[in-house]
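>>> Any chance you can model this:
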Amino acid sequence: MGFARTCSVALVGVEGVVVEVQADLEPGVAAFALVGLPDKSLTESRDRVRAAVVNSGAEWPQKKLTVGLSPASVPKGGSGFDLAVAAAVLGAAERIDPRAIADLVLIGELGLDGRVRPVRGILPAVLAAADAGYHQVVVPEQTAGEASLVPGVSVLGVRSLRQLIAVLTDEPVPEEEPTEAGRPDAMLAGLLVPGAGLGTGLAADPTDPSEGPDLADVAGQHRARRALEVAAAGSHHLLLSGPPGAGKTMLAERLPGILPPLTRQESLEVTAVHSVAGILPPGEPLVRRAPYCAPHHSATMQSLVGGGNGLPRPGAVSLAHRGILFLDEAPEFSGKALDALRQPLESGHVVIARAAGVVRLPARFLLALAANPCPCGRHTLHGAGCECPAALVRRYQARLSGPLLDRVDLRVEVEPVTRSDLLGQGGRGETTEAVAERVREARDRAAARLADTPWNVNSEIPGHELRTRYLAAPGALATAERDIERGLLTARGLDRVLRVAWTVADLAGHDRPDSEDIALALELRTGIARGVPVGAGDRP
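The predicted model follows:
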């Protein structure tokens, strides 16, 4: 009899669970049994592993073979266990020393010719291995850079099973042709949640704001630009409403450029989600800039919050984690899809329950909505000839439900661009680089204030803390209190006004919000003018 064990990792959402892969050989009729709650794709690894071992020059054991995956209670799927199963079988057959693989974590798919192909989720898998105390991992060569992001772990990238056997047996490592760069076909299928039309629209990963679209290209729209700056500085949700062609989409597309780069911890969080989804750019294992996700309005609820067969996969809210989720033509999205955003907007994560298990996915994002005033878009244009009946306009605007809008901090009317602004007579607006510098300074002030707390930006501060620990200047809340009495502001709305006011104060360099900061926060939320002047290049 022969026995060997090694390890691999099962992914449940973006969390990894180390799985012990055991292989046992006994005399008897040649058979291959795989046990331990595998799904269909993992069950098919029996044929892949057998062909890969034979085509790698090793002899397949003609005995009764049982491969067990432990713990058996954890659902396991995908082709990432192939490499570990093959190594365990070769160890049980004494082709390699079982002791050489006992403390290894092996992740990778095997082709029938023995070549090792990349799989999704390498980063969270290696993180799980490191947390479990393992220090050596073997991964496909194409994903070695991603695995190397985890400190304290020695990474071996291999191109084929032949190379792995040679390394473990101290034989000369054979030369193999490098695998073509880029994501494999199997990973491309992970770009879409099954049955859900989702276009990620992920922004490029520029090294500085000047490489993206410039905010100076937007003509006029001084109040909307101010709202954009406040949204970026405090990670506040934003609604831009106005007629077609006013610049709503242009503004939203320039929002990623004024966000600061991700911290190291945030980069690892975002990279882990994108790795599980299979959308990491080739050659760029670490995501350093805030992601930008803009699904089409035909996206389903599952594509937004996550779903799919078996264990759920990340949806748009998770792909936009630590970045921006932009919903253009927001009223055209289904009501169920929009209302499904309410829970992640509050909690910063989404919990999806399916028959195969419950998955918790990160979803702390900045929501940017763009909406027309009516189906034809001319409702607010005087004399433009809107032909939409009043009842139709009400139904269209009601598609953005009250509970969803109550979670949106900033609501700005984007007016049509004037002739003077369009011709540049009012002067060119500030560049993305200039605004990004102010946003960075405001973020630094907030970070210093919140250094000993679990929160990173103003939008994450709980309401209780805002009313007891982070107080506004004396008398500054008088206007907000009147709005509550008039029914213009809810309790949740007051908390969000206070968060925005702190961001406005950070942008202005104030120690705490004064009455003008509160007035601007109220104006940006309610749309009611408070007499706060806004000019091109004005700083809050």
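
>>> Any stretches of this structure with poor pLDDT?
1, 179-211, 310, 380-384, 423-427, 531-540 (pLDDT under 70).

>>> Can you show me the helices along the stretch 301-450 of the chain?
Counting by DSSP state H, counting those that start in this stretch, the stretch 301-450 of the chain has helices at residues 301-305, 316-319, 335-339, 342-347, 390-397, 402-405, 419-422, 432-449.

>>> quick one, which of these is packed in tightest?
helix 316-319 (a mean of 29; mean count of other C-beta atoms under 10 Å). No exception for glycine: its C-beta is placed from N, CA and C like everyone else's.

>>> who does that helix touch, helix- and strand-wise?
The contact analysis (3 or more C-beta pairs under 8 Å, 6 or more residues apart in numbering; DSSP states H and E) places helix 316-319 against helix 264-277, helix 301-305, strand 357-362.

>>> now the helices for the stretch 101-250 of the chain?
Going by DSSP H, counting those that start in this stretch, the stretch 101-250 of the chain shows helices at 122-131, 144-147, 161-168, 185-188, 222-234, 248-253.

>>> Which strands border the host helix or strand of Phe32, and is each parallel or antiparallel?
In the assignment (DSSP states H and E), Phe32 maps to strand 31-35. In the sheet, strand 31-35 lines up against strand 64-70 (parallel) (DSSP bridges).

>>> for the partner strand, the distance to its chain's centre please.
Its chain's average C-alpha position is 36 Å from that of strand 64-70, according to C-alpha atoms, centre = their mean, to the nearest Å.

>>> Check what contacts that strand and list those residues.
With contacts defined as C-beta atoms under 8 Å, 6 or more residues apart in numbering, strand 64-70 is touched by 10, 19-38, 76, 81, 85, 88-89, 92.

>>> coming back round to it: of the helices of the stretch 301-450 of the chain, which is nearest Gly133?
Among these, helix 316-319 comes nearest to Gly133, with 27.9 Å by C-beta to C-beta.

>>> that older thread, sort out for me which of the contacts of strand 64-70 are in helices.
Assigned to helices by DSSP state H, the following of those qualify: 85, 88-89, 92.

>>> Tell me the one of those residues nearest Val417?
For the ones in helices among the contacts of strand 64-70, the closest approach to Val417 (C-beta to C-beta) belongs to Val85, at 61.7 Å.

>>> Val19 is in contact with the closest one, correct?
No. Using C-beta atoms under 8 Å, Val85 is not in contact with Val19, being 10.7 Å away.

>>> Compare these two and say which is more crowded by neighbours.
Val85 (28 against 23; other C-beta atoms under 10 Å).

>>> ranking the helices and strands packed on helix 316-319 by burial, who's on top?
helix 301-305 (a mean of 24).

>>> circling back to that earlier point, which of the contacts of strand 64-70 count as buried?
Taking 16 or more other C-beta atoms under 10 Å as the criterion, what is buried in those is 10, 19-25, 32, 34, 36, 38, 76, 81, 85, 88-89, 92.

>>> How about the residue most central in space within the chain: what's its closest non-neighbour residue?
Compute the mean C-alpha point of the chain, and by C-alpha atoms, centre = their mean the closest residue is Leu319, 2.8 Å away. In space, and not counting its chain neighbours, Leu319 is closest to Cys293: 4.8 Å by C-beta to C-beta, 6 or more residues apart in numbering.

>>> So the one you found versus Arg254, what's the distance?
16 Å (C-beta to C-beta, to the nearest Å).

>>> same question, Ala330
Applying C-beta to C-beta, the value for Ala330 to Arg254 is 18 Å.

>>> cool, and Val150?
Taking C-beta to C-beta as the measure, Val150 falls 34 Å from Arg254.

>>> How about Ala294?
Separation of Ala294 from Arg254 (C-beta to C-beta): 13 Å.

>>> again, but for Arg492
Relative to Arg254, Arg492 is positioned 29 Å away (criterion: C-beta to C-beta).

>>> and those two? which has more neighbours close in?
A direct count of neighbours by other C-beta under 10 Å for Arg492 and Arg254 places Arg254 higher, at 23 against 13.

>>> Now do the contacts for that one.
Residues counted as contacts of Arg254 (C-beta under 8 Å, 6+ apart) are 212-215, 217-218, 228, 432.

>>> Mark which of these are buried, thanks.
In the contacts of Arg254, burial by neighbour count holds for 212-215, 218, 228, 432, counting by 16+ other C-beta under 10 Å.

>>> Ile528: neighbour count?
Neighbours of Ile528 using other C-beta under 10 Å come to 9.

>>> Report the contact partners of it.
488, 522.

>>> Using the three-state scheme, assign it.
coil (DSSP: H, G, I helix; E, B strand; the rest coil).

>>> related to what we said a few turns ago, between the contacts of Arg254, which is closest to Arg399?
The closest of the contacts of Arg254, once distances to Arg399 are taken by C-beta to C-beta, is Leu228, at 23.7 Å.

>>> show me what contacts the closest one?
Leu228 makes contacts with 215, 238, 251, 254-255, 258, 435, as judged by C-beta under 8 Å, 6+ apart.

>>> what do you get if the cut-off is 6 Å, keeping everything else the same?
251, 255 (C-beta atoms under 6 Å, 6 or more residues apart in numbering).

>>> From Leu156, how far out is it?
46 Å.

>>> got it, and Ser73?
In this view, Ser73 and Leu156 are 30 Å apart by C-beta to C-beta.

>>> neighbour count winner among those two?
Ranked by neighbour count (other C-beta under 10 Å), Ser73 and Leu156 place Leu156 first, with 17 against 8.

>>> Tell me the bridge partners for the closest residue to that one other than its chain neighbours.
In space, and not counting its chain neighbours, Leu156 is closest to Val138: 4.8 Å by C-beta to C-beta, 6+ apart. Counting by DSSP bridges, Val138 forms beta bridges with Leu106, Leu156.

>>> Surely Val138 is in contact with Gly157?
No. The pair Val138 / Gly157 is not scored as a contact, 7.9 Å apart, by C-beta atoms under 6 Å.

>>> So for those two, which sits in the more crowded spot?
Neighbour count, other C-beta under 10 Å: between Val138 and Gly157, Val138 has more, with 27 against 20.

>>> And the more buried one, how far from Ala84?
9 Å.

>>> Need the residues touching each of the two.
Common neighbours of Val138 and Ala84 (criterion: C-beta under 6 Å, 6+ apart): Leu106.

>>> related to what we said a few turns ago, against Leu11, how distant is the residue nearest to Leu319?
For Cys293, the distance to Leu11 - C-beta to C-beta - is 21 Å.

>>> which of the two has more neighbours?
Shown here are Cys293 and Leu11; by other C-beta under 10 Å, Leu11 has more neighbours (27 against 24).

>>> Nearest residue to that one in space, ignoring adjacent ones along the chain?
What sits nearest to Leu11 in space, not counting adjacent residues and going by C-beta to C-beta, 6+ apart, is Gly121, at 4.6 Å.

>>> count of residues packed around Lys248?
26.

>>> repeat for Tyr470
Neighbour count of Tyr470, defined by other C-beta under 10 Å: 18.

>>> Thanks a lot, catch you later.
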